[in-house]
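K.L.:
Give the three-dimensional model of this entry:
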Amino acid sequence: MLRSHAHVLGALFAALLAWATSPVSSEEMLVSKASTESASPPLAAPPAPPPRSFGPLYDPLLEAGVTFTSTDAGLEGLVTHADEQCAGNIHPFLPGVSGNHLDVLEEGAQFHAAWLETQPMGGAMYAARNPRVGLNNILVFTRTQRADGALAGQVNQASPTGTMPGPDFAAMQGFFFAAPAVDVAAYIAEPDQRKAYLAEIAKALEGYDAWLWNTRNTSAVCHPGSIGCVPCPVRHPCPPHTSVCCAGGAGVPDRGLLWSIGVYDTGEDSSTRYCVVANHTTPYAPCVVGYQLPIQSAGVTSYSYACRAERARIATLLGDTAGAARWSAAAADVAKNLKKQLWIAEWSGMFVRDANDTVVTTLVHDNLRFMWQGLFDQDMADTFVSAHLMNRSEFWTPAPLPSIAISDPRYNALHNANTWSGRPMGLTYQRTVRALERYGHHVEGVLVGIALTGAILDFDGCSTNSTHCHFTLEIDPMTRAPIAAPWVRPDGYGPTLLAFLEYTALRVGVVLRAADPSMGPLRTSDTLLWSAAAVGMSSSWSRSAKRERAGQADGDVADSAYAQTVGGMVYVLKVVGATGEFTGSANGTVLFTCTVGARVVTTLAGDVAALVGITPSTVDVTLTVPAAAVPLPDHRPDENRPENRPEGGVTKDSVTSVSVSLAPNAEYDVKLEKVVRSAPYTPPFD
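P.N.:
Numbering: from 1, shown residues only. This next block holds a predicted model:
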């Protein structure tokens, strides 16, 4: 993430001008913006933009909201604190006519803007609490898209006077937009409005995909119009040190990949990932020896895959069979070539190559990013998780998910804020939710959430006083201490807040998931996930945390009640510790009762579809469903949605009882009476 105010951007632009006119080495490009913050004066304030006419906002949206209570007072207090902090991150963006604006959830803490790598994802998660804000977090990017297809790396808040600097195209800043943009359509009530919204997203994705291939392909690395570069006055073959803006001449490898000009294309501020030898003595120092930039990038190429895959998903939702096939094939072409060019089977992961075609050997967390995008096939995801993610000497540290494996010589934890060289980032916790869920690694996701929750609750007296809770940018992987720079507020960082809330819902709550077959066989229609894990549910958090770190289930389960409102329905999950059971209900009507230690999957009308294993050991589960119909709400008048058909809901033909030994990660279809997917679970290992 490029996190800067105007004076930082001034320094960045000065650096870019220097790069465009002289040869640069890769280690020179790794100098952090933080080291030059005082080197340049602030940029002059831009003129006020003309008033905006927003266009359609796709109302009405479904009502949504969440409440949570628990006999685990520490957890309940932390959820309440997180909700309050999230609400404080909502601010006006894009001032328009008659004083109108879009209320947008900013990144939070010290980051007062919406970044393309964070806030679409944040909006989709926050839509469970506020669909209007969730949708705005998408529109703030589509309504500022450039004519050539580029999306702003960041969009800044409106100022108190109603003016704003405008969308910022200085850096790409990652791309975690496509899937969340489609997901939030589930909260648009009217079918015609949903179709119109999806058409807007389709156009945005097509434009961005074309822009990527026009500006970052091998023959046009940093072509004029590319973000992050000053246009080159002359195109020429590669000099001894490839110019960051003029690569693309003779000798540049052409593997059919997209290129990155440095860490800011993927939002990995100050990362040492492109170092052969990193500097471990001076914060934000350049590499001692660096790989040659630009980079043949799996990350940037994955952005194209995401555009195409989600464009195919939109076509399916709109009933465009031919379009779905065309875009699916285009996405598959990108994935196939990336696997051929950059997946290294003997290393169990995907890597990148530099401008000299040398493999960059740094073991980074980015494989989780590729899983988030859906780029991997199932075997690739299983391989990375089992070989690297669960390895305590790499990514499964006491607070898991460091940016670079702790055993890698490039791992660097010198700095105390905003460096992707070492400590786990809140953004990585947030991305890991979808990454693991997509490939059926449900247990691993629960354990990540437990680790994150424990790290926050165990620090600074948070478990007994929520005013001492800290949602920060980073967490120390070994001490588990939340870390904030001394110059920022040590709380309110949005990705960490939203990751915690999502993990909590996936452990003791209810989550709405939009239809997305790429997420697995249980996601062919809109679904609800009802979860009650047998770990991380103790009424005494400190005792619970010790058991969880040992891979043991709690002997003592807290009572809790989690309510998710969607439209005219209030879905409530209640856990009863004394019986070791949880119940799910809709508008007061019981849908099911189930043994703690499982996840129940239902339609929005409450029809039970599946059971999922979410604990580290096999659990004997009994699910009971009352043989009574559930009245359907009249809030989504779309006859094409299965959950809104007259025969939807729990009926006399539904399963009424099932008992099954549920293995970790097993997805058991209760009507087919078989496991339809089961990702291998590898316990943490040394």
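K.L.:
What residues of stretch 270-280 count as buried?
P.N.:
In terms of neighbour count (16 or more other CB atoms under 10 Å), stretch 270-280 has its buried residues at 270, 271, 272, 273, 274, 275, 276, 278, 279. (Each C-beta comes from the backbone N, C-alpha and C, glycine too.)
K.L.:
okay, how far is it across stretch 265-283, tip to tip?
P.N.:
Distance between the two ends of stretch 265-283: 21 Å, counting by CA to CA, to the nearest Å.
K.L.:
From here on, call the first residue 140.
P.N.:
Noted, 140 is the first residue going forward, which turns the last one into stretch 404-422.
K.L.:
Go ahead and measure how far it is from the middle of the chain.
P.N.:
22 Å (CA atoms, centre = their mean, to the nearest Å).
K.L.:
average pLDDT across it?
P.N.:
On average, the pLDDT along stretch 404-422 is 90.
K.L.:
picking up where we left off before, grab the two from the buried residues of stretch 409-419 that are most spread out in space.
P.N.:
409 and 415 (16.9 Å; CB to CB).
K.L.:
which sections of the stretch 340-489 of the chain are below the confidence cut-off?
P.N.:
358-391 (pLDDT under 70).
K.L.:
State which helix of the protein is the longest.
P.N.:
Counting by DSSP state H, the longest helix found in the chain is helix 330-354.
K.L.:
Buried residues in that one, which are they?
P.N.:
332-334, 336-337, 339-341, 343-348, 350-351, 354.
K.L.:
Give me the next element, helix or strand, following that helix.
P.N.:
strand 398-399 (DSSP states H and E).
K.L.:
Output the contacting helices and strands for that following strand.
P.N.:
Where contact means 3 or more CB pairs under 8 Å, 6 or more residues apart in numbering; DSSP states H and E, strand 398-399 is packed against strand 434-435, helix 437-456.
K.L.:
quick one on the thing from earlier: any idea of the angle the longest helix of the chain forms with helix 437-456?
P.N.:
If you take axes from the mean of the first three to the mean of the last three CA atoms, to 10 degrees, helix 330-354 sits at 150 degrees to helix 437-456.
K.L.:
which helices and strands does helix 330-354 pack with?
P.N.:
helix 270-281, helix 317-322, helix 437-456.
K.L.:
can you redo the ones you listed as JSON lines with distance to residue 816?
P.N.:
Listed next are the helices and strands packed on helix 330-354 as JSON lines, based on distance: least, CB to CB, whole Å:
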{"stretch": "helix 270-281", "distance to residue 816": "28"}
{"stretch": "helix 317-322", "distance to residue 816": "19"}
{"stretch": "helix 437-456", "distance to residue 816": "19"}
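K.L.:
Quick check: closest non-adjacent residue to residue 421.
P.N.:
residue 553 (7.7 Å; CB to CB, 6 or more residues apart in numbering).
K.L.:
need the helices and strands packed on helix 330-354 in JSON lines with mean neighbour count and distance to residue 468, can you?
P.N.:
Rendered in JSON lines, the data for those read as follows (neighbours: other CB atoms under 10 Å; distance: least, CB to CB, whole Å):
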{"stretch": "helix 270-281", "mean neighbour count": "24", "distance to residue 468": "25"}
{"stretch": "helix 317-322", "mean neighbour count": "25", "distance to residue 468": "17"}
{"stretch": "helix 437-456", "mean neighbour count": "25", "distance to residue 468": "9"}
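K.L.:
Between these, which one is closest to residue 610.
P.N.:
Judging the helices and strands packed on helix 330-354 by CB to CB, what sits closest to residue 610 is helix 270-281, at 18.0 Å.
K.L.:
Sheet-wise, list the partners of whatever helix or strand comes next after the closest one with their directions.
P.N.:
Scanning forward in sequence from helix 270-281 by DSSP H and E, the next helix or strand is strand 293-295. Using DSSP bridges, strand 293-295 pairs in its sheet with strand 252-254 (antiparallel), strand 306-307 (antiparallel).
K.L.:
ranking those by mean pLDDT, which is last?
P.N.:
Across the strands paired with strand 293-295, the lowest-scoring stretch is strand 306-307, with a mean of 90.
K.L.:
My guess is residue 653 contacts residue 665. True?
P.N.:
Yes: in this structure residue 653 lies within contact range of residue 665 using CB atoms under 8 Å: 5.7 Å.
K.L.:
between the two, what contacts are shared?
P.N.:
residue 325 (CB atoms under 8 Å, 6 or more residues apart in numbering).
K.L.:
Show me the shaky parts of the protein.
P.N.:
Ranges of the chain meeting pLDDT under 70: 140-192, 235-238, 298-304, 358-391, 554-556, 626, 673-695, 767-794.
K.L.:
80 - rerun?
P.N.:
Low-confidence segments of the chain (pLDDT under 80): 140-193, 234-239, 297-305, 357-392, 422-423, 553-557, 624-628, 673-695, 766-794.
K.L.:
give the contact list for the residue nearest the centre of it.
P.N.:
Nearest to the mean C-alpha position of the chain, by CA atoms, centre = their mean, lies residue 570 at 3.0 Å. Counting by CB under 8 Å, 6+ apart, residue 570 touches 260, 315, 507, 508, 511.
K.L.:
Could you report the distance from it to residue 696?
P.N.:
29 Å (CB to CB, to the nearest Å).
K.L.:
Equivalent analysis for residue 813, please.
P.N.:
29 Å.
K.L.:
out of those two, which sits in the busier spot?
P.N.:
residue 696 (29 against 9; other CB atoms under 10 Å).
K.L.:
Nearest spatial neighbour of residue 452, chain-adjacent residues omitted?
P.N.:
residue 321 (5.7 Å).
K.L.:
Would you tell me which of the helices and strands packed on strand 398-399 gets closest to residue 731?
P.N.:
Nearest of the helices and strands packed on strand 398-399 (CB to CB): helix 437-456, 28.3 Å.
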